[in-house]
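[1] Sequence plus the predicted model coming up.
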Amino acid sequence: PDADVTFKSSDGVLFELHRRNLATHAGGFPPNTNVVSDIINIPEHSETLELLLQYIYPPDVPELAGVPLALFMQLAYAAEKYVVYIAIPWCRMHALHLLRTTIG
């Protein structure tokens, strides 16, 4: 209810957020994107943003073990793009885990 910024995903889903959380947990928000009224258009799909925002609104980070590879790759890219501090090392660790289990 006290959100002060709204993000709109590429598939039209709205996310009501708090600038303070974004400033505390990410270095890349607000992004340089198109602003339509008070809504900031974000080029990522809602599924990616839903995962990414879980790192911005702690205390729990999402479990990545069951995340499909394509979605994980989108998450990792978005974490780097928006400089989501805690998501970046988690994505790197999960990527290493995927490599180890795939290669053997």
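    Yep, it's here.
[2] Closest to the centroid, which residue in this structure?
    Relative to the mean C-alpha position of the chain, the nearest C-alpha, by C-alpha atoms, centre = their mean, is the one of residue 52, at 2.2 Å.
[3] Just give the number of residues close to the closest residue to that one other than its chain neighbours.
    If the residues on either side of it in the chain are set aside, residue 52 comes closest to residue 78, at 5.1 Å by C-beta to C-beta, 6 or more residues apart in numbering. C-betas here are computed from N, CA, C, even on glycine. By the criterion of other C-beta atoms under 10 Å, residue 78 has 22 neighbours.
[4] which residues touch residue 78?
    Counting by C-beta atoms under 8 Å, 6 or more residues apart in numbering, residue 78 touches 44, 48-49, 52, 84.
[5] try it again with 7 Å
    Neighbour list for residue 78: 44, 48, 52 [criterion: C-beta atoms under 7 Å, 6 or more residues apart in numbering].
[6] if we can go back for a sec, from the chain's centroid, how far away is whichever strand or helix holds the residue nearest to the centre of the chain?
    For residue 52, the host element (DSSP states H and E) is helix 46-56. Offset of helix 46-56 from its chain centre (C-alpha atoms, centre = their mean, to the nearest Å): 4 Å.
[7] residues near the closest residue to residue 13 other than its chain neighbours, how many?
    Closest residue in space to residue 13, ignoring its immediate chain neighbours: residue 46 at 3.6 Å, by C-beta to C-beta, 6+ apart. If you count neighbours by other C-beta under 10 Å, residue 46 ends up with 17.
[8] What does the closest residue to residue 84 other than its chain neighbours show for phi and psi?
    Among residues not flanking residue 84 along the chain, residue 26 sits closest, at 4.6 Å (C-beta to C-beta, 6+ apart). With angles defined as degrees, to the nearest 10, residue 26 sits at phi -150, psi 140.
[9] Would you confirm that residue 26 contacts residue 81?
    No - using C-beta atoms under 7 Å, residue 26 is not in contact with residue 81; the gap is 10.0 Å.
[10] And the two? Which one has more around it.
    Ranked by neighbour count (other C-beta under 10 Å), residue 26 and residue 81 place residue 26 first, with 22 against 14.
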